[in-house]
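> Sharing a sequence plus its predicted fold:
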Amino acid sequence: QLNTLNEAPGDRTTFYSAADIRNQDHFEDVSAYAREPDYKIWLESEFYPRDDDWVHNKDFYPFFGVKKNLRLFMPQMNNITFKLPNVPPLSQPEEVDETLFCNESSLTNCSESFCHCTHIYNVEFGSLVEIILVDIGAIYYANHPFHFHGHAFAVLGMERIGAHSTTLKAVQNLDKSKKLMRNFKNPPIKDSVTVPDGGYTVIRFIANNPGYWLFHCHLTFHLETGMALVFHVGNQKDLPPVPKGFPRCGSWLPKPANDLHYEISKLTSEVTFGNPFSRIKYTLFTEKKNETTNEQPEAVPHTGGTVRNTMSLTFICFMVQLNVLI
């Protein structure tokens, strides 16, 4: 079996990890991965008890102020939650707010407070980068499958060293004593790899694709809550110019409600469907145009086709009531 989750060392008679398999001879020149890396980056992943900006507001719902079954541990890398930049840095570099850029070298006290910023590492174009992913594994018995955009990497080593968990220092001590697994004989080349709970994975990539490239956990919930970072490869001179007329993006907020020319009016009819034991009742709404103007507001998105003199049905205009009959 390939890549059985969270197997301990010594159990390899029945399974192979991604680091155990080998690349085809002469399929790719892997000698470039064997030299001393230009960058060595440690990435520690874990679930942390944090008062954050979304779930555990420190003034109303602090992490330790709610019941244990209502606590949400925040998945982070190096105690940092990723925040998207204000504009796309690839196509609008002159508008990027670089004060939002960060990594562990520019932050302090992230082990105690909530650090929320654009987690980024700058590496030179053409450089060799080694990443040592460490999954502490103290909170949950889980795996983080990490995916890299824009580059493939060589998987040099993977091992679970703790019965249930480990520490960053323990893995760093293995590295200092030359006991960290690194295979340079035809290592597999991948763009996604898992990290065993209470263990580590060692990967290397050649930064030969300039730009801003996302590196993230591929579990959607973990990505959405900020278990991600960006590798900035090269600089602007390594990139082709932005095409003329290329669409521009940025943060967008709707106009205040009193600026809109639309109001929502409730229909008197209701639609109920389902079987006698489980029935879903929808209270339908329609969009009613304000008679004082014939202009549609810019901030209201088009909601699709309508039927004349009847209702305009959209999901955002549903009030859903679930009735369960026993």
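Structure's in. What do you need?
> can you list the domain ranges for this structure.
Structural domains assigned to the chain are 31-238, 257-324, following automatic domain parsing.
> Could you give the average pLDDT over the last one?
Confidence over domain 257-324, taken as the mean pLDDT, stands at 40.
> Ok, the first one next?
In this model, domain 31-238 has a mean pLDDT of 90.
> quick one: contacts for Asn183?
Neighbour list for Asn183: 19, 156-157 [criterion: CB atoms under 8 Å, 6 or more residues apart in numbering]. Where C-beta positions appear, they are placed from N, C-alpha and C, glycine not excepted.
> Same question for Val30.
23, 154, 184, 186-187, 189.
> Tell me the buried residues within these.
The neighbour-count test (16 or more other CB atoms under 10 Å) marks 23, 154, 186-187, 189 as buried among these.
> quick one: which of the contacts of Val30 is nearest Ser105?
Ser105 has its nearest neighbour among those in Ala154, at 25.4 Å by CB to CB.
> Heading C-terminal from the host helix or strand of the closest one, find the next helix or strand.
Taking DSSP states H and E as the criterion, Ala154 maps to strand 153-160. Once the chain leaves strand 153-160, the next helix or strand it forms, by DSSP H and E, is helix 168-176.
> Which neighbouring elements make contact with the next helix or strand after that next one?
The C-terminal neighbour of helix 168-176 among helices and strands, as given by DSSP H and E, is strand 189-190. Counting contacts by 3 or more CB pairs under 8 Å, 6 or more residues apart in numbering; DSSP states H and E, strand 189-190 is packed against strand 153-160.
> List of residues touching the strand it packs on?
Contacts for strand 153-160 (CB under 8 Å, 6+ apart): 6-9, 17-20, 30, 33, 131, 180-184, 187-191, 193-205.
> contacting residues around the closest residue to Ala170 other than its chain neighbours?
Nearest non-adjacent residue to Ala170, counting by CB to CB, 6 or more residues apart in numbering: Ile161, 6.8 Å away. Neighbour list for Ile161: 9, 170-171, 174, 198-200 [criterion: CB under 8 Å, 6+ apart].
> Select only the buried ones of those residues in PyMOL?
In PyMOL, a selection of the buried entries from the contacts of Ile161 looks like this (16+ other CB under 10 Å):
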select buried, resi 171+174+198+199+200
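> so which of the contacts of Ile161 comes closest to Arg71?
For those, the nearest to Arg71 is Gly198 (21.6 Å; CB to CB).
> correct me, but that closest one touches Thr167?
No. Counting by CB atoms under 8 Å, Gly198 does not reach Thr167; the two are 9.5 Å apart.
> Phe246 is nearest to which of the domains of the chain?
Here domain 31-238 is closest among the domains of the chain (CB to CB), at 5.8 Å.
> Need the distance between the two termini of the closest one.
25 Å (CA to CA, to the nearest Å).
> One more: stretch 221-240?
End-to-end for stretch 221-240, by CA to CA: 34 Å.
> does Gln76 count as helix, strand or coil?
Here Gln76 is strand, with the state taken from DSSP: H, G, I helix; E, B strand; the rest coil.
> which residues does it contact?
45-48, 50, 226-227.
> How much space separates it from Arg50?
8 Å (CB to CB, to the nearest Å).
> before we move on, the earlier item: quick one, the strand holding Ala154 and helix 168-176 angle?
If you take axes from the mean of the first three to the mean of the last three CA atoms, to 10 degrees, strand 153-160 sits at 110 degrees to helix 168-176.
> any idea whether Ala32 is helix, strand or coil?
helix.
> Pull the contacting residues for the closest residue to it other than its chain neighbours.
Closest residue to Ala32 apart from its sequence neighbours, by CB to CB, 6+ apart: Ile206 at 6.0 Å. Going by CB under 8 Å, 6+ apart, Ile206 touches 32-33, 126-129, 151.
> could you flag which of those are buried?
Buried among the contacts of Ile206 (16+ other CB under 10 Å): 33, 128-129, 151.
> Phe60: neighbour count?
8 (other CB atoms under 10 Å).
> can you check Arg248 too?
By other CB under 10 Å, the residues close to Arg248 number 11.
> same check, this time on the one 4 residues further on
Residues lying near Trp252 (other CB under 10 Å) number 6.
> Need the contact partners of stretch 48-66.
71-74, 76, 79, 81, 114, 116, 225.
> Of those, which is the most crowded?
Counting by other CB under 10 Å, Gln76 has the largest number of neighbours within those, with 26 neighbours.
> Can I get the strand holding Ala154 in CSV, CA atoms only?
This file holds the C-alpha atoms of strand 153-160, laid out as CSV (Å, rounded to 0.1, in the frame of the first residue of the first chain):
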residue,chain,number,x,y,z
PHE,A,153,9.6,19.1,-5.9
ALA,A,154,11.7,16.1,-5.0
VAL,A,155,10.5,14.1,-2.0
LEU,A,156,13.7,13.2,-0.2
GLY,A,157,12.5,11.8,3.1
MET,A,158,9.4,11.1,5.2
GLU,A,159,9.1,9.6,8.7
ARG,A,160,6.9,9.4,11.7
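> how about the helices in the stretch 1-150 of the chain?
Using DSSP state H, counting those that start in this stretch, the stretch 1-150 of the chain contains no helices.
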